[in-house]
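**Q** Got a sequence here, can you build the structure:
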Amino acid sequence: IFEDSGTDPKKSVNAMNKLVHVNKVDFVLGDSWSSTTVPIVPIANAEKVVLISPIAILDDLEADDMFFRTVPKTNDMMKELANYAYYEIGSRKIAILMQATPFGFEHARDFKTEFESLGGKVVLEESFVLTQADLHAELTKAQAKNPDTILNVHATGPKIGSLVKQAKELGIEVNWISHFGAESGPLIQQYGDV
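**A** Sure, this is the predicted structure:
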């Protein structure tokens, strides 16, 4: 039985309620987005339905009894990324630009905790609305802090590239790091030149 959340939290709740209350399922695979998984976890817990997400990585979901994931949680991934930034590329001053969602905030929190424990400094944490297209103001704030690296916690795929493109337009030349969503064919196809 298939239901589509359409990456919309309200639709995900409707879909989960249909699967659980109408179709009487015992297991649900999905959702993929954190923003659509968070609101359906309470339904899974209340109705004792196993919920398995392929990529909802938020640490905060860990306490939920009926929720499982097939990837590492945010904390695990950001610890590795912070170590890579500090030891492999020599980052010492990082600005974090993130989507204003639990996904963005949790990535920033986990990265900052690890990076600063290594001796690095997060010089800016700036959030933006996920649908915001023009990020020049946020990038200008980052540039003013003179980071050697920017952690780009945008949505997956091409949106990551749009931020880098706008930074290049402003003359910002730094190392760029991101979450696993940066491993995207469409990102390379649309923004490979930047």
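
**Q** ok, and for the helix of greatest length in the chain, which residues are buried?
**A** When the chain is parsed with DSSP state H, its longest helix is helix 102-118. For helix 102-118, the neighbour count (16 or more other C-beta atoms under 10 Å) marks 102-112, 114-115 as buried. Just so you know, the C-beta spots here come from the backbone N, C-alpha and C atoms, and that holds for glycine as well.

**Q** Please export the C-alpha coordinates of that helix as CSV.
**A** C-alpha atoms of helix 102-118 as CSV (Å, rounded to 0.1, in the frame of the first residue of the first chain):
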residue,chain,number,x,y,z
PRO,A,102,14.8,20.8,13.0
PHE,A,103,17.1,19.3,10.4
GLY,A,104,19.2,22.5,10.0
PHE,A,105,19.3,23.3,13.7
GLU,A,106,20.3,19.8,14.8
HIS,A,107,23.0,19.5,12.2
ALA,A,108,24.4,22.9,13.3
ARG,A,109,24.2,21.9,17.0
ASP,A,110,25.9,18.6,16.6
PHE,A,111,28.6,19.9,14.3
LYS,A,112,29.4,22.9,16.6
THR,A,113,29.6,20.7,19.7
GLU,A,114,32.2,18.4,18.1
PHE,A,115,34.1,21.1,16.1
GLU,A,116,34.6,23.3,19.1
SER,A,117,35.6,20.4,21.3
LEU,A,118,38.5,19.9,18.9
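
**Q** Any idea how far the helix or strand following it is from the middle of the chain?
**A** Sequence order places strand 121-128 as the next helix or strand after helix 102-118, per DSSP states H and E. In terms of C-alpha atoms, centre = their mean, to the nearest Å, the centre of strand 121-128 is found 15 Å from the chain centre.

**Q** again, but for stretch 70-89
**A** On C-alpha atoms, centre = their mean, the centre of stretch 70-89 falls 13 Å from the chain's centre.

**Q** Over to stretch 157-176?
**A** Put simply, stretch 157-176 sits 17 Å off its chain's centre (C-alpha atoms, centre = their mean).

**Q** if I look at the residue of the chain most remote from its centre, how far off is Leu118?
**A** For the chain, the largest distance from the centre (C-alpha atoms, centre = their mean) belongs to Val22, which lies 32.1 Å off. Computed as C-beta to C-beta, to the nearest Å, the Val22 to Leu118 distance reads 50 Å.

**Q** cool, and Glu47?
**A** Counting by C-beta to C-beta, the gap from Glu47 to Leu118 is 43 Å.

**Q** list the contacts for Val174?
**A** Shown in contact with Val174 (C-beta atoms under 8 Å, 6 or more residues apart in numbering): 147-150, 167.
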